[in-house]
Structures are given as structure tokens and as C-alpha cells.
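Show me how the following folds:
(one chain, ligands or ions: 1)
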Amino acid sequence: MDHFEYRDGMMHVEQVPMAEIAAAVGTPVYVYSTATLVRHVTVFREALGALTDPLIAFAVKANPNAAVLATLAKLGLGADVVSGGELLRALAAGIPADRVVFSGVGKTEAEMRLALERDIFQFNLESEPEAEMLNAVAVAMGKVARVAYRINPDVDAGTHAKISTGKSENKFGIPYDRALSAYDRAAQLPGLDVRGVAVHIGSQLTDLAPLEAAFVKMGRLIEALGDQGHAIRTADLGGGLGVPYDPALPVPPSPAAYGEMVTRVTRGWNVRLMFEPGRVIVGNAGALLSRVIRVKQGATQPFVIVDAAMNDLLRPSLYDAWHDIRAVKPNGKSTTANVVGPVCESGDTFATDRAMDHVKADDLVAFMTAGAYGATMANTYNSRALTPEVLVSGSQWAIVRPRPPIEALIEGDIIPDWVR
Ligand SMILES: *Cc1c(COP(=O)(O)O)cnc(C)c1O
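Now for the predicted structure:
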């Protein structure tokens, strides 16, 4: 559910007409709804209501805007970070360090030092050499790092290959059958407090079965580790729950169904459960607002050329992702078209053969469900300014990241004297 709704023939976000934002900020622009963020946090938390004090750590990479993070911080969420930069962003937005988990296969010594200084809740280790490095850093600082190992359960998440992370050929985690020896070794390292297990098998999961299979394996591992003398006190079940993008497809499992499955599978584990939802919190809370530059007749279909491009919203080009594209002020007619951006790449295509609202030059369109992995992946390819972001709450709205002047992009480069 979201708060992008038509009123008097015009798409509004909460109480604000989308056209008002486009007129004031220009396009393309990301627009986020606070009410949708609050709703998704509430629904996710309620779904886990049967658990004792779960830690819900928002996956910052899905949407690291400071205003979004501050909104989630006020709602009590923690953060799952994958870099020193994300850690600093989360802390700056008011997320307390004791709710921060650090994931990722390539944590550097400097990032480890930073996270230890700030005393984060837990490191999720992804390899044995990483454990050795963290131990050395912690010992040198006179600290002990709280750690879990991320386990690669070798299950097929049934999602796009580029967002699948729990198969044995993926780079993430340590293989399930190497876990016992890895824990034995880590337990001997004085700089580590080995206390948890972690798993995250992929993103945009539309079936609970692979998640359940992975969690069942984790339950067995916790038991085996216990038998071997390791006191496992946390189990981080990752993120990955899918959101509806295409209204023609079956709706992904609800947070309630996910919570029911988790509650059932983890009964008797006797650990604090942790979650790292990203997309399910922010996905539907954002839309990318864009203006049609012109419509060009192609060999078969018209090309609707919009002022947003793959640099603003990379998902269609990177993951073949499908975003609903709607006219902000529909004229009642429909069409079949290819929707493309101005970037000089054939991959700069948002939709092919798409049945959609009929639009013409100067009309506004909205790319729905763009709140996750949208602005965060934006870049300046083709020397396009970084996409601005707006946060709406009721009838008020604010620019939470302005569009930088193109001069800033140009002045950012340095021409050495010997070139001049
Ligand atoms: C990306 C990621 C998440 C969030 O995934 P979603 O599909 O957005 O919920 C959680 N945990 C880890 C380790 C991740 O890399």
C-alpha cells in the first residue's frame, strides 16, 4: 500500500499534487511519502509482534537519504550498513550505534576501526580471513568485536541472478559445511566475541519457501554450534522480502505471512532475532517523477522519450526491472509504447511494448515503486546532474537533496597545469 493516489484527475502524494513538486523542483525528481514509510515500518514490526525484542536494521543501501534515515530512526529502526560511508550516514541521521550491523564481503581495516570506535552492535563476517583481520584490528585497539558469521546456505532464492546472494557460487558468506570449523577458529581469537549467525539469500523474493529453507538450515546450525560449545545469542535473518512492481503479477508474500513463518521456524532458537529489510520498507514509498520530452514514431511503436534516464533509475537497465509508469494527469486514453531516456545507450530503456496511459510532450509521468535502489544508484553518466529528492509529509514537502548545478560537475574535475 502507498500514498500516491489520484484526486481530481491528478496524482497526489499524500496531500501534495505531483505537478506542484515538478513545477517547483523540476524533473526528474524522486518523491518520497512519509506516511508510506511509517506504514511499512508499522506493518513490518507488527508482523514480528510475536517475537521478543527483534532488532530491525534497515538496509541503508536501499535508500540512504538522510531525511529518510532520520524518519526511520525516529520510528526506532536500526541500520544494516555495508561501508564506512553508510555507517557515518546512519549515525548522522540519528540511528544509535547499538542498532547498527555491518555487513559486506570487503570491509577494510579502516572501516573496521571506525565501526569499533563507534561501538556498533555487530559485525557480520563473510570469510575467515576477514575474521582474522577484525581480530587484529580489535586487539590493537584494546577492544572486542561482537560478531556473527554470514552463512551461505546454498539455496536458490528464485530471484534475478544479479540480486541472488545465497547460492554457493555467490561471493557472500561462508559455506554451510565450513561453518563449524570457522566458528571454532574464531572463538579462539581474543578480539572477537562470537555470538551470532546471519543469512541473507537475496532481494525481491516473491516466495517464502527459499527463505524458510535457509532459516531451517540456520536453526540446525545454531543447534550444532551449541553442541560444540558456542553460545549463539543472535540470529540475523537478513532482508529480501519482495514488493509488488507489476500489478499484473501475483502479490509477493505479505510481511504478516513472513512474520508468521519466521515465528514458526525460529521457535525454540533462544536467540535475539535480527532483520535487515530494505526494499519492503522504502520501495513503494517513492516514485520518480519525470516529464515527457517528446514522442518519436519508431518502426513499430512510438518511443516516449522522458527526461529521466538510466543514470537516474538504473534498475530496468541493470536488472531488467519492471516499474509501473503512469501519467500524473491521465487523459483517459491508453497506448502501447516504448519508454526511453535521453542517454546514448540502447540499455536506457524503461519499458518496451508497454500498455500505458497515453502521454504527449510536456506531460508528467511517474515511475512507481522507485523508493528502493533508485536515487541511491543514481549517477552523472552523460554529464547529467544527480537526481534531486523530495520528502512529503501530509500537506508539507521539502527538498531533501537538491539538484546540484551542472557547473559543480564540471568544476569537480581538475586540469593539471601540464595539460593546459
Ligand atoms: C541488500 C541487503 C539487504 C536488504 O535487502 P532487501 O531486499 O532490500 O530487503 C539486507 N541484508 C544484506 C546483507 C544486504 O546486502
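
Please make it C-alpha for all contacts and neighbour counts, starting now.
Fine.

G196 in helix, strand or coil?
Assigned with DSSP: H, G, I helix; E, B strand; the rest coil, G196 falls in the strand class.

Please name the nearest non-neighbouring residue to it.
Of all residues not flanking G196 in the chain, A148 sits nearest, at 4.1 Å (CA to CA, 6 or more residues apart in numbering).

is it true that that neighbour touches V197?
Yes - using CA atoms under 8 Å as the test, A148 is close enough to V197 to be in contact (4.8 Å).

what ranges do the strands span in the stretch 301-420 of the chain?
Counting by DSSP state E, counting those that start in this stretch, the segments of the stretch 301-420 of the chain that form strands are 302-306, 325-327, 334-340, 349-357, 364-367, 389-393, 396-401.

Sorry, wrong one. I was asking about the stretch 1-150 of the chain.
4-7, 10-13, 16-17, 29-33, 55-59, 78-81, 100-102, 122-125, 145-152.

so the residue nearest to G196 bridges to which residues?
Judged by DSSP bridges, the bridge partners of A148 are N124, G196.

count of residues packed around it?
29 (other CA atoms under 10 Å).

Nearest approach to the ligand belongs to which of the strands of the stretch 1-150 of the chain?
strand 55-59 (4.9 Å; CA to the nearest ligand atom).

hang on, the earlier thing: between the strands of the stretch 301-420 of the chain, which gets nearest to L134?
strand 396-401 (34.9 Å; CA to CA).

Give the other helices and strands that the closest one contacts.
Identification of packing neighbours for strand 396-401 by 3 or more CA pairs under 8 Å, 6 or more residues apart in numbering; DSSP states H and E yields strand 389-393.

gap between the strand it packs on and the chain center?
18 Å (CA atoms, centre = their mean, to the nearest Å).

Point to the residue nearest the middle of the chain.
Closest to where the C-alpha atoms of the chain average out (CA atoms, centre = their mean) is A62, at 2.1 Å.

residues in contact with it?
The neighbourhood of A62, defined by CA atoms under 8 Å, 6 or more residues apart in numbering, consists of 278-279, 282, 371-374, 376.

Listing partners with orientation, what would you give for the longest strand seen in the chain?
Across the chain, the longest stretch assigned as strand under DSSP state E is strand 286-297. Using DSSP bridges, the strands paired with strand 286-297 are strand 29-33 (antiparallel), strand 302-306 (antiparallel), strand 364-367 (antiparallel).

List the buried residues of the second one.
Which is strand 302-306. Residues of strand 302-306 classed as buried: 302-306 (neighbour count, 16 or more other CA atoms under 10 Å).

Over to stretch 67-76?
So, applying 16+ other CA under 10 Å, buried residues of stretch 67-76: 67-73, 76.

Residues in contact with that stretch: which ones?
The set of residues external to stretch 67-76 that reach it, using CA under 8 Å, 6+ apart, is 34, 37-38, 41, 60, 63, 90, 93-95, 391, 400.

Could I get these in TSV, plus columns for pLDDT and neighbour count?
Shown next, in TSV, are the contacts of stretch 67-76 (pLDDT from 0 to 100; neighbours: other CA atoms under 10 Å):
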residue	pLDDT	neighbour count
T34	98	25
L37	98	25
V38	98	17
V41	98	21
V60	98	27
N63	98	25
A90	98	27
A93	98	20
G94	98	17
I95	98	25
L391	99	21
V400	98	18
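
Enumerate the residues of this protein near the ligand.
59, 62, 103, 200, 203-204, 238-241, 276-279 (CA under 6 Å from any ligand atom).

mind redoing it with 8 Å?
58-59, 61-62, 80, 82, 103-104, 199-200, 202-205, 238-242, 275-281, 372-373 (CA under 8 Å from any ligand atom).

Can you spell out the domain ranges of this protein, please?
The chain is divided into the following domains under automatic domain parsing: 4-31+283-411, 104-275.

Now do the contacts for A148.
Applying CA under 8 Å, 6+ apart, the residues contacting A148 are 122-125, 194-198, 234.

and V282, helix, strand or coil?
From three-state DSSP, the assignment for V282 is helix.

Around it, count how many other residues there are.
Counted with other CA under 10 Å, V282 comes out at 29.

who's in contact with it?
Taking CA under 8 Å, 6+ apart as the test, what V282 contacts is 37, 40, 62-63, 371-372.

From the residues you listed, which land in helices?
By the criterion of DSSP state H, membership of those in helices covers 37, 40.

so which of the contacts of V282 comes closest to S395?
The closest of the contacts of V282, once distances to S395 are taken by CA to CA, is L37, at 15.7 Å.

Surely the closest one and I281 touch.
Yes - between L37 and I281 a contact is recorded at 6.2 Å, counting by CA under 8 Å.

closest to the ligand among the contacts of V282?
Among those, and counting by CA to the nearest ligand atom, the member closest to the ligand is A62, at 5.7 Å.

Now do that closest one against Q188, distance only.
35 Å (CA to CA, to the nearest Å).

How many residues are close by the closest residue to Y245 other than its chain neighbours?
Excluding the flanking residues, the one nearest Y245 by CA to CA, 6+ apart is H323, at 5.8 Å. Other residues within reach of H323 by the criterion other CA under 10 Å amount to 21.

quick one, what contacts H323?
245-246, 316, 350, 367-370.

hmm, back to that, of all the buried residues of stretch 67-76, which two lie farthest apart?
A67 and G76 (14.4 Å).

end to end, how far does stretch 1-20 reach?
Stretch 1-20 end-to-end distance (CA to CA) = 23 Å.

What are the buried residues along it?
In stretch 1-20, counting by 16+ other CA under 10 Å, buried: 2-6, 11-19.

Equivalent analysis for stretch 357-375, please.
Residues 357-360, 363-375 are the ones in stretch 357-375 that count as buried (16+ other CA under 10 Å).

Mind putting the contacts of H323 into TSV with pLDDT?
Output for the contacts of H323, formatted as TSV (pLDDT from 0 to 100):
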residue	pLDDT
Y245	97
D246	95
P316	97
F350	98
F367	98
M368	98
T369	98
A370	98
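
now these as JSON lines including distance to G332?
Output for these, formatted as JSON lines (distance: CA to CA, whole Å):
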{"residue": "Y245", "distance to G332": "22"}
{"residue": "D246", "distance to G332": "20"}
{"residue": "P316", "distance to G332": "26"}
{"residue": "F350", "distance to G332": "22"}
{"residue": "F367", "distance to G332": "18"}
{"residue": "M368", "distance to G332": "19"}
{"residue": "T369", "distance to G332": "22"}
{"residue": "A370", "distance to G332": "24"}
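
for those residues, which one is nearest A110?
A370 (32.6 Å).
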